[in-house]
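structural data only, the sequence is not supplied:
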């Protein structure tokens, strides 16, 4: 897995009242991210997940994709798991995966640990300094260059590597699979906050980023989705944050 260093800073989380397709739970407020952090350049792939657990829970693999291999421009079908995101992960699965990677001997020896991003970290990384609806501007006209969504995915997940990166060098945060965050789902407080971690409890966890089956408006930087932590489907994946001891 590759990671990108995201600088500390502040931004307006949520969306302004003027944003097209805005939803009521996107109350705009100022957030400060006090420390830089490393986040996955890509979401976790099927091969990344299999390397840790020796199994692959994803729906879009093997025979499911054999008929689509031509459309994916992949001749060697064995390569599919190397480029597709892992999916069918619940929040609990995603959390346990971060713990499993952290406990690997080589990671522990080097002082590396992994976790899910907070919702604020996720949106800050997605925006990459842009306060518009998308990391590239207000209009979804250029969304195809940055994301897999329902108008270009051919009804499946797609290669995690080939879309354009945002200004931080991160790929795929506007689509392909939803990405679990650590936070419980809850309403924003309309005030300035530093390093927020969301409510202390709740029935649902946060998923972010839109997916292969979503319309463009659901791929906006501010779009939020709450889901029960044990629920999983073919649109739910994961992107990790890396922490290094002493840094």
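That came through, no problem. Quantities reported herein were computed from a predicted structural model and do not represent experimental measurements. Residues are numbered from 1 along each chain as shown.

which stretches of the protein form strands?
Ranges of strands in the chain, per DSSP state E, are 3-6, 9-13, 29-33, 37-40, 112-115, 178-184, 193-194, 205-208, 224-227, 236-237, 241-244.

so which elements touch the helix ranked longest in the chain?
When every helix of the chain is counted residue by residue (DSSP state H), the longest turns out to be helix 91-102. With contacts defined as 3 or more Cβ pairs under 8 Å, 6 or more residues apart in numbering; DSSP states H and E, helix 91-102 has these neighbours: helix 46-53, strand 112-115, strand 178-184. (C-beta placed from N, C-alpha, C; glycine too.)

distance from the chain centre to the shortest one, please.
By that I understand strand 112-115. 16 Å (Cα atoms, centre = their mean, to the nearest Å).

mind listing what that strand pairs with, with the direction of each?
Strand pairing for strand 112-115, using DSSP bridges, gives strand 241-244 (antiparallel).

list the buried residues of the strand it pairs with.
241, 242 (16 or more other Cβ atoms under 10 Å).

quick check: bridge partners of the residue with the shortest distance to the centre of the chain?
Among the residues of the chain, the one closest to the centroid is residue 179, at 3.5 Å (Cα atoms, centre = their mean). On the basis of DSSP bridges, residue 179 is bridged to residue 208, residue 237.

separation between residue 92 and residue 114?
16 Å (Cβ to Cβ, to the nearest Å).

between those two, tell me which one has more neighbours.
residue 114 (22 against 15; other Cβ atoms under 10 Å).

okay, that one: pLDDT?
If you check residue 114, the pLDDT there is 98.

ok, what's across the strand from it?
residue 242.

what's the local residue count around the nearest residue to residue 212 once chain neighbours are set aside?
The shortest distance from residue 212 to any non-neighbouring residue, by Cβ to Cβ, 6 or more residues apart in numbering, is to residue 153 (4.0 Å). Residue 153 has 17 neighbouring residues, counting by other Cβ under 10 Å.

next: residue 195.
13.

ok, now which ones touch the nearest residue to it once chain neighbours are set aside?
Computed as Cβ to Cβ, 6+ apart, the closest residue to residue 195 that is not its neighbour in sequence is residue 34, at 5.4 Å. If you count contacts by Cβ atoms under 8 Å, 6 or more residues apart in numbering, residue 34 has them with 8, 194, 195.
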